[in-house]
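Colleague: All I have is the shape, not the residue letters:
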């Protein structure tokens, strides 16, 4: 609540409690993050799959391949490819389920996760 008042010239202004509320800093990264939050990677090797749903059917044949090779292999398998994440940035995607589409996540040009859903 904000209250305004006027003072006569030369009249002292009464002090107000202007101290900011104190908060305790989180003791750890886990404590600082809420449920479902993902900690930023400290180096490239720490980046793991975060954009491909773990509820889909994994397609391990594509994991570890360079993007171009993964597209070619998916086509051989009769699958369409949807990139759901690139270098740690997850894309906004529709939630429709298709058994002819593989969702892949890419880091540094290499597929790190793949699943059909």
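Modeller: Structure's in. What do you need? Computed from a predicted structure; not experimentally measured. Numbering: from 1, shown residues only.
Colleague: looking at it, residue 78 is touching residue 100, isn't it?
Modeller: Yes. Taking contacts as C-beta atoms under 8 Å, residue 78 lies within contact range of residue 100: 6.8 Å. Heads up, the C-betas are built off the backbone N, CA and C, glycines and all.
Colleague: Would you map the strands across this structure?
Modeller: For the chain, applying DSSP state E gives strands covering 57-58, 80-86, 89-90, 101-107, 110-116.
Colleague: which stretch among those comes nearest residue 67?
Modeller: Comparing these by their distance to residue 67 (C-beta to C-beta), the top pick is strand 101-107, with 5.7 Å.
Colleague: List the neighbouring strands of the closest one plus their orientation.
Modeller: According to DSSP bridges, strand 101-107 has the following sheet partners: strand 80-86 (parallel), strand 110-116 (antiparallel).
Colleague: Name the residues that touch the first one?
Modeller: Same thing as strand 80-86. Identification of contacts with strand 80-86 by C-beta atoms under 8 Å, 6 or more residues apart in numbering yields 49-52, 70-71, 74, 90-91, 93, 98, 100-107, 113.
Colleague: For residue 70, the count of nearby residues, please.
Modeller: By the criterion of other C-beta atoms under 10 Å, residue 70 has 23 neighbours.
Colleague: How about the contacts made by it?
Modeller: If you count contacts by C-beta under 8 Å, 6+ apart, residue 70 has them with 62, 81, 104, 111, 114.
Colleague: how about the helix ranked longest in the chain: buried residues?
Modeller: Ranked by number of residues, the top helix in the chain under DSSP state H is helix 67-76. By neighbour count with 16 or more other C-beta atoms under 10 Å, helix 67-76 contains the buried residues 67, 70-71, 73-74.
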